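> mind looking at a prediction? Sequence and model below.
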Amino acid sequence: MANITPESGQSNWRTQAYIVGAAIGSLLGLASAYMYTRAAEEDTERFGRPKRVQTGDLLGLGLALLAIMRQVAELGKTPDKKK
């Protein structure tokens, strides 16, 4: 993959970063939805209905996603600005 940085001399590095991010996010979202529906179908076959998603599970998932977003944001900082 091309190096997407402001120093690469490309005037449209932001646009490229947005496009790459959107593509990766779409693929990850699609894969996650596929795995979720597959697991829900297995529960439906086994128990007659899918398992209800617990609020605590959603909160944990949300916190994990925030941590991942923070890690991605840290990738854009120079080494001397990182903690």
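All right, it came through fine.

> ramachandran angles for the residue located most distally from the centre of the chain?
Largest separation from the mean C-alpha position in the chain: G48, at 31.1 Å (CA atoms, centre = their mean). Taking degrees, to the nearest 10, you get phi 90, psi -10 for the backbone angles of G48.

> any idea how far it is from R38?
Computed as CB to CB, to the nearest Å, the G48 to R38 distance reads 17 Å. Glycine gets a C-beta too; all of them are placed from N, C-alpha and C.

> same question, G62
In terms of CB to CB, G62 sits 22 Å off from R38.

> next: T15.
Taking CB to CB, one finds T15 at 35 Å from R38.

> same question, Y18
From Y18 to R38 the distance is 30 Å (CB to CB).

> could you chop the protein up by domain?
11-52, 53-83 (automatic domain parsing).

> just name the most buried of the ones you listed.
domain 11-52 (a mean of 11; mean count of other CB atoms under 10 Å).

> for the chain, which residue occupies the most central location?
The centroid of the chain falls nearest to G25 when counting by CA atoms, centre = their mean (5.3 Å).
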